[in-house]
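> Provided below for reference: sequence and predicted model.
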Amino acid sequence: ALPEYRMRFADRIQKHFFDEATISRDNVQQLMQSRVEQIDQAIKMRMALVNNVSDSELVPKALFQIAGNLHALATYSKASDAYEFYASQFPKKPEAKQSLQNAAVFREGLGQLDAAIKNYKAYIKLVGTKDKKKAAKVFFQIGGIYQKRKEWPKVIKHYRKFLKDFSKTAELDLVLAAHTRIGNAYFKQAEPYLPPKSKRKRIDWGSFDKFNKPAQKAYNRAYKAFLALSDAEKKTLTGGRHAVAEARFMMGESVYIDVRYRTKLKAKSYRNLKKFIKTMVDKIGERSLAIAKGEKIYAEVIKLRSPNWAIAALGRTGQLYQLLSDDVYNYPAPKAFNEEQVETFKGEMSDQSDRFRTKAVTGYVTCLKVAQQYKWFNPWTQAAERQLAELDPGKYRSNAELRSEPTHFQKSGVRQDFISELPKEEELK
C-alpha cells in the first residue's frame, strides 16, 4: 500500500503543481485576490444595510459578519474594533461573548494589552455565574498579561484573587499554575543571580530573603496541593503537572543558591597534615550533605514527568556536584606546609574531587539521555554538553548542532518510559 500511496501522491504533485499548475504561485495569488475582493464587496453591502436600514432586525447580524469579514482579511486591529462595537451594542446577543473573546486575543497579539484586559474583563462580566469554569480560565489569562509586562506585584495580587474566587470552580491545572506563578513573581523580584556586566557588585541577601521566603511558600503550596490530589485527579493534569514540576525545581534553587553564593567550603588550618586532611574530609562531607538535600528535591522533579523541568533538574544536579568538585580540587594548602606536604594534600583533595566530578558527569550524561529520549533540547542540555566537554574533553565534545527549542507543552501520542533516577556510573558506559 505504501508504494502505491507514494506514486499517487507524486502524480497529484505533478498534476497540480506542474501540468495544470492549479497550485502555482500566480494562480494562488489570483485566487486570494479574488477572495479579498469578494469579502470587500460583502463588507460594503453589509455596511449599506447598517447605514441605510439601521432599524432592521438584520443589523446585529450584519455587524457581526462585518467583524468576521475583517477577521478573515487578517486586519486584526479593525476586526477588534468591529467586535468590540458589536459587543457594546448588543451585549445580550449570543455572539457578544465570542466577539469579546476574539477582540481580546487580537489586542493581546497586537501588544495592545490594556485593551485586551478590558475585553477579557467585559467577557467575564457577560459570562457571570453562568459558566464559572470559563470565567476562571479567562481571568487566569489576564494574569498572563501582567506577566508579560513584568508587573510582578500585580501578578501576585491577580493570582491571589484568582485562588480566592475560583479555586473551587477552576480547572485543577490552573489552580496549581496560579500558585507557581505567584512564586515566580516573588522570585523575579528576589534577583538572586548577578547578570553579566551588572553594576551590582554583590547580591543584596536581605532583599533576596524578603522575596524568596514568600516565593518558597507559594511553591510549597503548589507542591502540597499536587500531593493531596487523588491518583485519578493527577492523571487528568496537563499543564498543571508542568507547573508543579517548575515549583519543585524552584524549591531546589534555594539549595543551589546557598551552595553557590551564600556558603563556601572552609576548614580550620592545622600544621599537622593528617589532622588538616581529616578536617577537610569532614567539611567536605558536611557540604556534600547540603548538596544531597538539593539532589533529593531535583529527583522529585524528575518523578513528576515534565520533560523540560526533568532536564533542568538533572542539569542542576550535575552543576551542584561540579561546584563541589571544583571547590575541593582548588582548595589551597596551608602556607605552613612544605612542598612534600602540599603534594600529599593536593593528591588527597584530587581523589576527593574525583568522587564528585564522577557524579557531575553522571548528572550531565543523564540530562542528555533524557533530552534525546524525548527529543527535547533547551539551554540546560546545551550547558550539559559544554560542561561535559570541559570535564572530559577526550571523551565528550560540545555539539554545535542547532536544535529547535520547545515553547509549549502538549500531550504526546506515544508514552515512553521515563528516567526517574540517576543511573549508576557503570550503566552509562
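Received it, and whenever you're ready, just let me know what you need. Numbering: from 1, shown residues only.

> just the helices in the stretch 151-300 of the chain please.
152-166, 172-190, 205-227, 231-236, 239-257, 273-303 (DSSP state H, counting those that start in this stretch).

> who touches the fourth one?
Meaning helix 231-236. Outside of helix 231-236, the residues within contact range by C-beta atoms under 8 Å, 6 or more residues apart in numbering are Leu172, Phe226, Arg241. Glycine gets a C-beta too; all of them are placed from N, C-alpha and C.

> which residues touch the last one?
With contacts defined as C-beta under 8 Å, 6+ apart, the neighbours of Arg241 are Asp173, Leu176, Phe226, Lys234, Leu304, Arg305, Ser306.

> the nearest residue to Asp392 once chain neighbours are set aside: neighbour count?
Spatial nearest neighbour of Asp392, chain neighbours left out: Val361 (6.7 Å); criterion: C-beta to C-beta, 6 or more residues apart in numbering. By other C-beta atoms under 10 Å, the residues close to Val361 number 23.

> which strand or helix spans Val361?
helix 339-374 (DSSP states H and E).

> which elements pack onto that helix?
Here helix 339-374 is seen to pack against helix 273-303, helix 307-329, helix 379-391 when contacts are counted using 3 or more C-beta pairs under 8 Å, 6 or more residues apart in numbering; DSSP states H and E.

> in TSV, list the contacts of helix 231-236 along with pLDDT and distance to Lys130.
Shown next, in TSV, are the contacts of helix 231-236 (pLDDT from 0 to 100; distance: C-beta to C-beta, whole Å):
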residue	pLDDT	distance to Lys130
Leu172	96	21
Phe226	97	30
Arg241	96	30
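
> winner for burial among the helices and strands packed on helix 339-374?
Stretch with highest mean neighbour count among the helices and strands packed on helix 339-374: helix 307-329 (a mean of 23; mean count of other C-beta atoms under 10 Å).

> centre of the chain to the helix holding Val361, how far?
Chain-centre distance of helix 339-374: 30 Å, with C-alpha atoms, centre = their mean, to the nearest Å.

> what comes up buried for it?
For helix 339-374, the neighbour count (16 or more other C-beta atoms under 10 Å) marks 341, 344-346, 348-349, 352-353, 356-357, 359-368, 370-371, 374 as buried.

> surely Leu172 and Gly239 touch.
No: counting by C-beta atoms under 8 Å, Leu172 does not reach Gly239; the two are 9.9 Å apart.

> residue ranges in the stretch 151-300 of the chain under the pLDDT threshold?
194-202 (pLDDT under 70).

> rewinding a little: now the angle from the helix holding Val361 to helix 273-303?
Interaxial angle, helix 339-374 versus helix 273-303 (axes from the mean of the first three to the mean of the last three C-alpha atoms, to 10 degrees): 10 degrees.

> could you check how far Tyr76 is from Gln112?
To Gln112, Tyr76 is 10 Å away according to C-beta to C-beta, to the nearest Å.

> Ala228 too?
40 Å.

> looking at these two, which one has more neighbours?
Gln112 (18 against 8).

> wait, Lys121 touches Ile142, no?
Yes: using C-beta under 8 Å, Lys121 is in contact with Ile142, at 7.2 Å.

> mind listing what Arg271 touches?
Per C-beta under 8 Å, 6+ apart, neighbours of Arg271: Pro334, Ala336, Phe337.

> could you rerun that using 10 Å?
Residues near Arg271 by C-beta atoms under 10 Å, 6 or more residues apart in numbering: Pro334, Ala336, Phe337, Gln341.

> repeat that for Gly285.
Taking C-beta under 10 Å, 6+ apart as the criterion, Gly285 is in contact with Gln352.

> repeat that for 7 Å
Neighbour list for Gly285: empty [criterion: C-beta atoms under 7 Å, 6 or more residues apart in numbering].

> likewise for Leu49?
When contacts are counted by C-beta under 7 Å, 6+ apart, Leu49 touches Ser56, Leu58, Val59, Ala62.

> same thing with Val301?
Going by C-beta under 7 Å, 6+ apart, the list of residues near Val301 reads Ala245, Arg248, Phe249, Gly252, Trp309, Ala310, Ala313.

> at 8 Å what do you get?
Per C-beta under 8 Å, 6+ apart, neighbours of Val301: Ala245, Arg248, Phe249, Gly252, Trp309, Ala310, Ala312, Ala313.

> could you find the closest non-adjacent residue to the second one?
This means Arg248. Distance criterion C-beta to C-beta, 6+ apart; nearest residue to Arg248, sequence neighbours excluded, is Val301 at 4.8 Å.

> any idea how far that neighbour lies from Met251?
In this structure, Val301 and Met251 are 9 Å apart, going by C-beta to C-beta.

> give me the number of residues near the nearest residue to Ala290 once chain neighbours are set aside?
Sequence neighbours aside, Val259 is the residue nearest to Ala290 in space, at 6.1 Å (criterion: C-beta to C-beta, 6+ apart). Val259 has 21 neighbouring residues, counting by other C-beta under 10 Å.

> send over stretch 375-389 as PDB, restricted to the C-alpha atoms.
Provided in PDB are the C-alpha atoms of stretch 375-389 (Å, rounded to 0.1, in the frame of the first residue of the first chain):
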ATOM      1  CA  LYS A 375      13.700  15.000  21.700                       C
ATOM      2  CA  TRP A 376      13.500  18.000  24.000                       C
ATOM      3  CA  PHE A 377      16.500  20.300  23.800                       C
ATOM      4  CA  ASN A 378      16.900  23.600  25.700                       C
ATOM      5  CA  PRO A 379      19.600  25.700  27.400                       C
ATOM      6  CA  TRP A 380      20.100  23.100  30.100                       C
ATOM      7  CA  THR A 381      21.100  20.500  27.500                       C
ATOM      8  CA  GLN A 382      23.400  23.000  25.800                       C
ATOM      9  CA  ALA A 383      25.000  23.700  29.200                       C
ATOM     10  CA  ALA A 384      25.400  20.000  29.900                       C
ATOM     11  CA  GLU A 385      27.200  19.500  26.600                       C
ATOM     12  CA  ARG A 386      29.600  22.300  27.400                       C
ATOM     13  CA  GLN A 387      30.300  21.100  30.900                       C
ATOM     14  CA  LEU A 388      31.000  17.500  29.800                       C
ATOM     15  CA  ALA A 389      33.400  18.900  27.200                       C
END
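
> now do the same for Glu57: helix, strand or coil?
Look at Glu57: counting by DSSP: H, G, I helix; E, B strand; the rest coil, its state is coil.
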